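Trainee: A structural model of the following input is requested.
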Amino acid sequence: MTPVECGECGNRVLCEKFSPAHTQVQWTAEAAAVCPRIAAATAGGRPSARVRSCPALRAGIEAAVREGRLEVPADA
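Mentor: Residues are numbered from 1 along each chain as shown. Sure thing, here's the model as predicted:
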């Protein structure tokens, strides 16, 4: 998995692309302390799976793909 940083809050997540439409995002424990969107949905001190998207982080992931830092498999 590849680290990708949010340009808005600096949160770092791990990402993997399986196809242009399928992105796996692994939120770290630090996300609740750094990302205001995750912090708002934190339950019991742990990030909630209910936070499905963050527009700023999505933009960071898309930029990583465009810049070649996060690769989409050629056979996808």
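
Trainee: hey, let's count contacts and neighbours off CA atoms from now on
Mentor: Fine.

Trainee: By mean pLDDT, point me to the weakest helix or strand of this protein.
Mentor: helix 31-34 (a mean of 68; mean pLDDT, DSSP states H and E).

Trainee: Poorly predicted segments of this protein, please.
Mentor: For the chain, the stretches flagged by pLDDT under 70 are 31-32, 38-53, 76.

Trainee: how about the helices in it?
Mentor: In the chain, the helices defined using DSSP state H lie at 31-34, 36-40, 55-66.

Trainee: what about those, which gets the closest to Phe18?
Mentor: Closest to Phe18 of the helices of the chain is helix 55-66 (CA to CA; 11.9 Å).

Trainee: Output the contacting helices and strands for the closest one.
Mentor: Judged by 3 or more CA pairs under 8 Å, 6 or more residues apart in numbering; DSSP states H and E, helix 55-66 is in contact with strand 2-5.

Trainee: Buried residues, the strand it packs on. List them.
Mentor: For strand 2-5, burial by neighbour count (16 or more other CA atoms under 10 Å) applies to 2, 4-5.
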